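Asks: Below are the sequence and a predicted model for it; my questions follow.
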Amino acid sequence: MLAFVPSFVCFFLFCVGVVRDRRRVGNALLLGLSGVFAAIALFLHLASEKAQLGHDLAVALLTLAALGVVTLAWFLIANGITMVRKEGRSPANLLSLGAGVALVALLALLKYKHKKKNTKK
């Protein structure tokens with residue numbers, strides 16, 4: 001139950017912030033942190049109660065995160081191509097294309113490093 005304390009504190013601060021001023025961006029940040037801390041605490045609780053369920057959930061979350069990065073790279077590249085076609089090649093229009101290409105390059109470098117590390121064994 002102690003693992004849920006950060007979530008409760010963030011949620012309390014969120015409620016105080018909403019009462020003071022609804023329009024602040026900090027309120028959204030506190031609500032998001034509250035949700036993240038609650039999810040982490042729930043994951044830790046499940047992992048301590050049922051080890052296999054915790055392991056399966058961890059694998060599912062890591063797979064979802066990897067798919068999220070690949071999907072983000074794909075959409076950034078597609079958006080960058082659309083921006084260049086419709087708006088021209090200004091530096092501001094090339095930002096999303098560059099970010100998508102950088103993500104793909106990072107994934108390729110990680111794959112290369114992993115492959116090189118496994119061949120040395």
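Replies: That came through fine. All values derive from a computational prediction rather than experimental measurement.

Asks: How is the chain divided into domains?
Replies: Domain assignment for the chain by automatic domain parsing gives 1-49, 51-121.

Asks: now the longest one: mean pLDDT?
Replies: In this case it means domain 51-121. Taken as a whole, domain 51-121 has a mean pLDDT of 91.

Asks: Report the separation between the spatially most central residue of the chain and Ala58.
Replies: Per CA atoms, centre = their mean, the C-alpha nearest to the average position across the chain is that of Ala65, at 6.8 Å. Remark: distance between Ala65 and Ala58 (CB to CB, to the nearest Å) = 11 Å. Backbone N, C-alpha and C define where each C-beta goes, glycine included.

Asks: Just give me the neighbour total for Gly100.
Replies: 20 (other CB atoms under 10 Å).

Asks: and the closest residue to it other than its chain neighbours, how many residues sit next to it?
Replies: Distance criterion CB to CB, 6 or more residues apart in numbering; nearest residue to Gly100, sequence neighbours excluded, is Leu76 at 3.1 Å. Leu76: 20 surrounding residues under other CB under 10 Å.

Asks: residue contacts, Leu76?
Replies: 96-97, 99-100, 103 (CB atoms under 8 Å, 6 or more residues apart in numbering).
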